[in-house]
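Chemist: build me a model:
(chains A and B)
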Amino acid sequence: MECSKENLNAYLDNELKRSEKTALEKHLKECRGCQEEIKHLSQLNNLTKLYEEIEPSPDFTAKFWEKIRTQEDKKKTQFLWLPIPATAVLLFIIIFQLTNFSYALLNNKDPDVKNIVLQQVKETAFCPSISNISCLLNLCDRCIHNLCKCKGIECKCKQCEIKGGHKK
Amino acid sequence: MENEDIQLMLRLKDGDENAFGEIFNKYKKEVINTVYRIIGNSNDAEDLSQEIFLRIYNARKRYQPTASFKAYLHRITINVCLSYLRRKKILQFISLDKFLKEKSDTIPDIDKSNPEDIYLEKELSNKVRKAILQLTTNQRTALVLRTYNDLSYEEISGTLNITPPAVKSLIFRARENLKEILKNYIVE
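Modeler: Got it, this is the predicted structure:
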């Protein structure tokens, strides 16, 4: 058997197969070099065992649970922030539609249609609060429905019948 | 024992936080010391250990008892340590020459009741810590798992995702390097 430092390491770690272990033990009895190597490896192992163990600090557990609580609170707060992007998108759509509607209304040449539509919008626009999303939606909806009138085209949705009827 | 840990994890998966408390108390010291020996910094060891337990806690719903719990724990521990080392780029900043120049005698017998010996043991522990920190990350990780966590080559191979012969080779090279670094403490 040839000397193998790698196998001596595995032998000390009890990682050799039974046959390899027997062969190495037989070799060890005859080989002074390997005996020396085993001695050094054992010393090294003893030395590495001197590496101090540290104890968790007294507040380690408390700190951990505090982190869990903070994390859970953060999750809850994140949940509260979720509607914000959705609201932003909704507001964008509403503003876009209102602008579109205003543009169409301003460009309408028929004063009758203008009056009728403005009356309709005024009724809807009398909302208790601008922060009331349903009110805004209602206004937006009304504007969209009246868009056809402002543009002087026939309504296809059939949901925007207003006093005075369609004016073609 | 292993089965007991898996049962605790399954209880946690079902929403029993007390089960996690048991896991936490059982393994906190082992985790802190593994982290400490791999990163060599006791201050950061606690923070990283908490991160490890936090990861386990947060992944509780996805936990599958496919491997032993210890293997699962060690894999997370090693991942957190390696990512810390990458973040800090510690390896580049460790001085390789300072420790090699230090001279000292071989290890004397230590009497733990003697204050001088306690001091000496602390000093030796510090030398060993510095020596281990000079190893490559892979060598150090394999050696720590073998020496201090008592993992078999097979278990280490599962944790590091390498073959058992590669583990054998890593541990051999780690010890060869350590013998060279700590040669002043090894009796010829």
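
Chemist: next SSE downstream of the host helix or strand of A:Phe101?
Modeler: Taking DSSP states H and E as the criterion, A:Phe101 maps to helix A:83-106. Sequence-wise, the next helix or strand downstream of helix A:83-106 (DSSP H and E) is helix A:111-125.

Chemist: A:Gln71 against B:Glu51, yeah?
Modeler: No: using CB atoms under 8 Å as the test, A:Gln71 is too far from B:Glu51 to be in contact (11.4 Å). The C-beta positions use only the backbone N, C-alpha and C, and glycine is treated the same way.

Chemist: between those two, who's got more neighbours?
Modeler: Between A:Gln71 and B:Glu51, counted using other CB atoms under 10 Å in any protein chain shown, B:Glu51 has the larger neighbour count: 19 against 12.

Chemist: touching, the more buried one and B:Val80? I think so.
Modeler: Yes: with contact defined as CB under 8 Å, B:Glu51 reaches B:Val80; the gap is 5.6 Å.

Chemist: per-residue confidence at A:Ser131?
Modeler: Turning to A:Ser131, the model gives it a pLDDT of 55.

Chemist: for stretch B:4-14, which outside residues touch it?
Modeler: With contact meaning CB atoms under 8 Å, 6 or more residues apart in numbering or on different chains, stretch B:4-14 is reached by B:18-20, B:22-23, B:26, B:57, B:60-61, B:63, B:65, B:68-70.

Chemist: which PyMOL command selects the buried ones in these?
Modeler: Applying 16 or more other CB atoms under 10 Å in any protein chain shown to these, the buried members can be selected in PyMOL as follows:
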select buried, chain B and resi 19+20+23+57+60+68+69+70
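
Chemist: chain B: helices as residue ranges?
Modeler: B:2-13, B:17-39, B:42-58, B:69-88, B:90-93, B:98-101, B:115-133, B:137-147, B:153-160, B:164-181 (DSSP state H).

Chemist: deepest-packed of these, please.
Modeler: helix B:137-147 (a mean of 23; mean count of other CB atoms under 10 Å in any protein chain shown).

Chemist: what mean pLDDT does that helix have?
Modeler: Mean predicted confidence for helix B:137-147 is 94.

Chemist: next: stretch B:58-65.
Modeler: pLDDT averaged over stretch B:58-65 gives 89.

Chemist: that older thread, among the helices of chain B, which gets the worst mean confidence?
Modeler: helix B:98-101 - the lowest mean pLDDT of those, at a mean of 39.

Chemist: I'd say A:Cys31 and A:Cys3 touch.
Modeler: Yes: in this structure, A:Cys31 is within contact of A:Cys3 by CB under 8 Å, at 6.1 Å.

Chemist: more neighbours: these two, which one.
Modeler: Between A:Cys31 and A:Cys3, counting by other CB under 10 Å, A:Cys31 is the more crowded of the two (16 against 13).

Chemist: show me what contacts the residue nearest in space to the middle of chain B?
Modeler: Among the residues of chain B, B:Thr34 comes closest to the average C-alpha position under CA atoms, centre = their mean, at 2.7 Å. For B:Thr34, the contact set (CB under 8 Å, 6+ apart) comprises B:74, B:77, B:81, B:144-145, B:148-149.
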